[in-house]
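# Quick one: sequence plus predicted model below, questions after.
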Amino acid sequence: MTCNPSWSEIASELQDFQTAQDRPDLTTRIFRSKFEQLRADVINKGVLGNVKSYMYVTEFQKRGLPHVHMLLILENNDKLRSPEEYDEIVRAEIPHYEEEPQLHHAVLKHMIHGPCGMLNPNSPCMKNGRCKKRFPKNFSTLTRQGSDSYPDYRRRREEPVTLNRRVTIDNRWVVPYNPWLLLKYDCHINVEVCSSIKSIKYLYKYVYKGPDRVAMEVHKGINTDEIQQYVDARWICAPEALWKIFGFNLYQLYPSVVRLQIHLPNRQQVRFYDHQMINDILNDDHNSKTMLTQFFTLNNLDVEARGYLYSEIPKHYTWEKATKEWNRRRVLGRIYTVSPSEGDKFYLRVLLNHVRGPTSWEYLLTVNGTCFHTFKQSAQERGFLEGDDSVRQCLIEASNLRTPIALRRLFVTILVFCDPTDVRSLWEEFKNYMVEDYPSTSCTTRNNFTNQLLRDLNDLLLLHGKQISDFDLPTVPLQAAEDNVVPRIIDEQLSFHISHEDLDAVGKLNSDQSLAFNNIMNVIEQGHSKVFFVDGPGGTGKTFLYRALISRLISIGKIVLATATSGIAATLLLGGQTAHSRFKIPLNPDSSSVCSISKQSDLAKLITQSSAIVWDEAPMVNRYALEAVDRTFRDIIGCDAPFGGKVVILGGDFRQVLPVVPKGNNAEMVAACIVKSPLWAYTNVLHLRQNMRSLQDQNFAEYLMRIGDGVEPTIRDDLVKVPQQMTIRWEGDDSIQQLIQVIFPNLGSHGWDNCYMSERAILTPTNENVQKVNDIIIDHFPGEYHNLLSFDEVEGDTNNLYQQEYLNSITPGGLPPHVLKVKKGAPLMLLRNIDLEGGLCNGTRLLCRGTYMNMLDVEVLSGQHVGHRAFLPRIKLKTSDNAGLPFVLLRKQFPVRLSFALTINKAQGQTIPNVGIYLPKHVFGHGQLYVALSRGVSKATTKILIKEGRIQGEEGDFTKNIVFKDILLS
Ligand SMILES: Nc1ncnc2c1ncn2[C@@H]1O[C@H](COP(=O)(O)OP(=O)(O)OP(=O)(O)O)[C@@H](O)[C@H]1O
């Protein structure tokens with residue numbers, strides 16, 4: 001916000017011969033009071049959203065007017081996340097005079113940059129012939145996430161406007177603004193959405209940037225050039241001087257930050273005057289008290305304090321310097337940084353950052369009854385430091401549990417994901433534990449076991465596109481029957497074991513399913529080629545149909561490649577793999593991509609020999625991925641028909657979530673859909689209509705269809721009414737507890753109940769709220785806490801520029817938290833595709849059976865592999881490019897999160913008989929409401945809590961239902 005010298009409050013006070021610059025006292029005071037009002041509007045009244053924390057700094061241009069830079073961090077639920085939400089707050093266009101005359105004038109008066117460039121090459125913003133602020137911007141029909149710090153706002157190409165007689169400008173020259181603030185304050189107020197951490201850092205710089213300095217020459221006398229001395233001085237202009245004289249705040253930070261002292265026992269710093277006697281100083285108890293020792297004292301006296309870490313204490317207590325005591329209040333705390341070269345003090349800091357309620361030095365040094373000599377030993381024993389041989393320790397912990405199948409899979413997981421250094425010695429140490437379940441007969445030799453084990457490990461490695469020979473392991477001996485006539489991956493496809501359930505499915509198909517089944521089978525049996533799309537709303541039995549098809553085809557000796565877009569949907573199909581791994585689709589395909597499959601490879605032979613390809617959840621994939629597969633198949637098979645003439649059965653539901661386009665807006669998401677691909681013209685759509693999931697509640701099934709199709713009546717802005725039977729009224733934060741109690745009744749007595757856990761979950765749109773709900777539920781869950789810590793680093797940060805606490809404090813989407821708080825029997829969710837064949841993929845729900853220093857023991861809770869046991873090591877996980885961080889965070893952690901609550905997107909494809917939906921804000925994505933509701937089976941067992949669900953003058957609760965109708969299939 002910049003002072004407007006022509007504000008009437010200033011202009012009316014000036015004499016005829018004066019300008020605003022002549023009255024810095026006046027401009028300063030008027031600006032200050034206007035800013036105070038703006039502060040109250042945005043911080044107290046929350047006109048841009050509820051503010052969680054803020055900082056601002058007042059600046060003065062040399063001889064110039066005062067202006068303020070302000071950074072607002074909004075409450076999580078009010079954060080602006082999508083380009084559509086940015087548009088509600090920020091505009092960067094000249095409003096039409098006919099529609100908004102006042103705003104039109106205000107924008108032209110205050111919010112036009114420069115102009116600079118060709119129009120005005122001498123503008124102060126010009127450097128080396130270019131505008132430093134990159135004006136004029138580009139025209140754009142929609143707001144989108146910028147490639148840099150700020151979004152690229154919508155600037156439509158419209159008639160230029162004449163600014164003064166000489167210059168005409170258009171929307172490319174508009175500085176982003178908020179209409180309400182601009183009209184109210186009648187001055188330059190540039191409002192931007194900080195969409196990356198870079199822009200936040202840039203703003204913080206203002207606070208810490210030193211003052212402008214000047215080197216002044218002081219002359220000996222008025223009439224002499226002789227210099228007496230140089231003075232290094234601070235330049236202060238008149239308005240700044242007055243700002244200080246009036247005692248106004250130059251900057252403010254909320255909440256403020258307290259620096260916490262840290263020192264080893266008896267090494268506290270004591271200050272004293274020369275004239276004081278050392279003995280007096282040492283004998284005075286007051287001198288030995290520090291923030292840290294008094295933190296121990298506080299923990300001895302106050303039970304509540306014991307629940308907090310040292311760094312959390314200032315949130316609840318304030319440090320009284322005079323009395324050296326902690327009293328209740330609220331600010332933020334940071335412990336002084338300690339470098340690892342400072343020895344044990346560094347480890348003391350690690351302990352203080354993780355141990356709650358220490359009452360003494362001994363407390364920190366003691367673990368399980370043993371008092372260690374150094375803080376390092378204590379930290380190591382508590383699992384706060386990364387061990388040098390964590391992989392080996394993980395295998396030792398797992399081998400003690402005597403579950404050889406899970407141990408073999410763990411060994412492979414470690415080879416693939418943990419990059420162990422000494423594979424051969426791990427093999428020697430653990431091979432005997434991995435064969436404990438092999439049946440031994442009178443003629444089995446140790447050699448037979450080893451060979452069998454190598455073959456089994458090789459089979460598991462092949463699923464990851466690797467083999468034994470990629471590692472320092474003995475070579476795999478071929479079995480007598482293996483003569484390489486049939487490539488292994490083809491052999492595998494032909495030897496699937498079909499369950500009775502899948503074989504029986506054909507007889508159970510309903511009429512729509514039967515019609516689709518027969519249609520597809522006819523085409524395959526007659527050797528024709530065709531592309532199908534099985535369209536069915538959630539629960540209409542698409543998966544059931546694929547399973548019937550796959551089992552029938554396998555049973556008559558045909559090869560069918562079962563794939564799905566997500567790992568979780570793939571695990572529901574026999575031999576299912578993600579389409580990306582099966583067809584080796586590039587990660588970010590574009591309009592000319594091809595898959596990396598060579599014509600001579602076994603995979604190419606498998607594809608050529610296959611009779612059908614099933615691809616579930618096809619609407620979630622970017623059309624370029626589908627086109628890459630089409631291009632590759634034509635090339636491999638040598639046939640220029642769609643997909644090289646193969647029968648391809650795509651399936652899914654366009655009412656559900658669409659392809660993710662990083663930083664993309666709605667239009668880009670729609671454009672990425674497979675219906676927009678030229679291939680769609682060759683696709684035959686088969687419809688499934690009967691909801692088999694909600695057979696018991698047809699009324700619910702019909703409601704779901706109306707929501708999915710976007711035909712449920714709306715009032716204002718896509719708001720639909722939710723049936724009263726399903727709603728829990730929002731009465732404040734306590735309502736979340738109520739929702740939890742309805743979905744997880746008697747939680748205390750279901751500590752180890754996999755049936756109970758697999759049948760219930762709470763869904764909410766964002767990761768923050770998932771974490772919030774999980775934290776509440778785990779507190780009520782019976783059992784002891786196990787805090788599993790991650791080891792974090794920044795890729796390529798050899799100088800340790802990033803503080804550990806900062807890295808530990810962030811949890812970018814897709815990564816587990818630094819402190820993974822779990823209890824035995826609690827539900828978890830896997831965050832990576834680890835072992836699809838074993839049912840371990842991104843989104844699989846698991847039950848925690850046991851925690852160890854280096855290993856997590858889990859059981860699969862849902863899908864085909866329910867009940868399977870698995871061991872997980874810590875894995876190095878990376879943040880993705882669109883995590884919004886200016887660096888790549890590497891977090892070594894167990895790849896899981898709690899899963900009492902999940903995001904709506906992660907729940908896609910799962911049936912959750914008791915489902916709670918918590919909407920702290922209305923959803924903004926296509927199909928999100930539908931996906932959430934369609935996880936349920938009936939109105940009675942589906943509950944929804946909407947925070948902003950009431951509308952004045954209307955009965956009931958309402959929420960947004962966003963449906964892009966132009967991609968729905970009629
Ligand atoms: N013909 C059928 N006979 C008996 N049960 C069926 C039949 N078809 C589907 N079901 C059952 O209905 C439920 C929903 O089916 P399914 O999971 O196949 O639906 P879907 O269309 O794949 O759902 P979503 O899109 O939500 O993943 C499952 O429990 C399934 O076993």
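Nice, I can see it. Numbering: from 1, shown residues only.
# Now do the contacts for the residue in the stretch 851-970 of the chain positioned nearest to the ligand.
Scanning the stretch 851-970 of the chain for proximity to the ligand using CB to the nearest ligand atom identifies G909 as nearest, at 4.4 Å. All C-beta spots, glycine's among them, are computed from the backbone N, C-alpha and C. By CB atoms under 8 Å, 6 or more residues apart in numbering, the contact list for G909 reads 566, 568-569, 572, 617, 843.
# change it to 10 Å
538, 542-543, 564-566, 568-572, 616-617, 620, 652, 656, 843, 863, 931, 935 (CB atoms under 10 Å, 6 or more residues apart in numbering).
# Nearest to the ligand within the stretch 301-450 of the chain, name that residue for me.
Per CB to the nearest ligand atom, R409 is where the stretch 301-450 of the chain lies closest to the ligand, at 26.4 Å.
# Assign a three-state SS to that residue, would you?
helix (DSSP: H, G, I helix; E, B strand; the rest coil).
# Retrieve the pLDDT associated with it.
As predicted, R409 sits at a pLDDT of 94.
# likewise R234?
75.
# now the one 5 residues further on
Looking at P239, its pLDDT reads 88.
# For it, grab phi and psi.
Per-residue torsions, P239: phi -60, psi -40 (degrees, to the nearest 10).
# Tell me the bridge partners for the nearest residue to N171 once chain neighbours are set aside.
Residue nearest to N171 in three dimensions, not counting chain neighbours: R155, with 4.0 Å by CB to CB, 6 or more residues apart in numbering. Following DSSP bridges, R155 is listed with bridge partners S140.
# Tell me how many other residues crowd R155.
24 (other CB atoms under 10 Å).
# what sits against it?
Contact analysis of R155 by CB under 10 Å, 6+ apart lists 91-94, 136-143, 170-174, 176.
# rerun that using 7 Å as the cut-off
Applying CB atoms under 7 Å, 6 or more residues apart in numbering to R155 gives the contacts 92-93, 137, 139-140, 171-172, 174.
# Looking at these, which one is closest to T293?
Using CB to CB, A92 comes nearest to T293 of the contacts of R155, at 55.1 Å.
# quick one: secondary structure of I43?
What three-state DSSP gives for I43 is helix.
# So for it, what pLDDT did the model give?
Taking I43 on its own, its pLDDT is 93.
# same thing with the one 5 residues further on?
pLDDT recorded at L48 is 94.
# list the contacts for it?
L48 makes contacts with 42, 72, 89, 178, as judged by CB under 7 Å, 6+ apart.
# Okay, the residue of the stretch 851-970 of the chain closest to the ligand and T168: tell me how far apart.
G909 is 55 Å from T168, where distance means CB to CB, to the nearest Å.
# now do N519
Distance, N519 to T168, using CB to CB: 62 Å.
# Over to E99?
Distance, E99 to T168, by CB to CB: 20 Å.
# Please identify which of those two sits among more neighbours.
More crowded of E99 and T168, by other CB under 10 Å: T168, with 14 against 8.
# what's near enough to touch that one?
Contacts of T168 (CB under 7 Å, 6+ apart): 160-162.
# Would you mind listing what in the stretch 651-800 of the chain touches the ligand?
653, 692-693 (CB under 6 Å from any ligand atom).
# now with 5 Å?
By CB under 5 Å from any ligand atom, the residues of the stretch 651-800 of the chain that approach the ligand are 692-693.
# what stretches of the stretch 651-800 of the chain score poorly on pLDDT?
Across the stretch 651-800 of the chain, the ranges flagged by pLDDT under 70 are 662-663, 799-800.
# Recalculate using a threshold of 50.
Confidence mapping of the stretch 651-800 of the chain against pLDDT under 50 gives zero matching residues.
# So for the protein, the centremost residue is which one?
Closest residue to the average C-alpha location of the chain: G813 at 1.5 Å, with CA atoms, centre = their mean.
# For that one, what are phi and psi?
When read as degrees, to the nearest 10, the backbone of G813 gives phi -50, psi 140.
# what does A505 give?
phi -60, psi -40.
# so what's it up against?
544, 547-548, 551.
# Dump those into JSON lines; add secondary structure and neighbour count as well.
Formatted as JSON lines, these follow (DSSP: H, G, I helix; E, B strand; the rest coil; neighbours: other CB atoms under 10 Å):
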{"residue": "F544", "secondary structure": "helix", "neighbour count": "20"}
{"residue": "R547", "secondary structure": "helix", "neighbour count": "25"}
{"residue": "A548", "secondary structure": "helix", "neighbour count": "24"}
{"residue": "S551", "secondary structure": "helix", "neighbour count": "22"}
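# Let me know the closest of the residues you listed to the ligand.
F544 (3.6 Å).
# Identify the residue nearest that closest one in space, chain neighbours excluded?
Among residues not flanking F544 along the chain, A505 sits closest, at 6.0 Å (CB to CB, 6+ apart).
# Distance of that neighbour relative to the ligand?
7 Å (CB to the nearest ligand atom, to the nearest Å).
# Can you list the buried residues in stretch 261-268?
Under the neighbour-count criterion of 16 or more other CB atoms under 10 Å, stretch 261-268 has 261-263, 268 buried.
# and the two most separated of those residues?
Largest separation among the buried residues of stretch 261-268 by CB to CB: I262 and Q268, giving 9.8 Å.
# Just confirm Q910 contacts V937, I think it does.
No. At 11.8 Å, Q910 does not count as touching V937 under the criterion of CB atoms under 7 Å.
# could you say what helices and strands the helix or strand harbouring M757 packs with?
In this assignment (DSSP states H and E), M757 forms part of helix 754-758. In terms of contacts (3 or more CB pairs under 7 Å, 6 or more residues apart in numbering; DSSP states H and E), helix 754-758 is packed against strand 845-851.
# how about stretch 554-573: buried residues?
So, applying 16+ other CB under 10 Å, buried residues of stretch 554-573: 554, 558-573.
# Could you confirm whether any residue of that stretch contacts the ligand?
No. Using CB under 5 Å from any ligand atom, stretch 554-573 stays clear of the ligand, coming no nearer than 7.0 Å.
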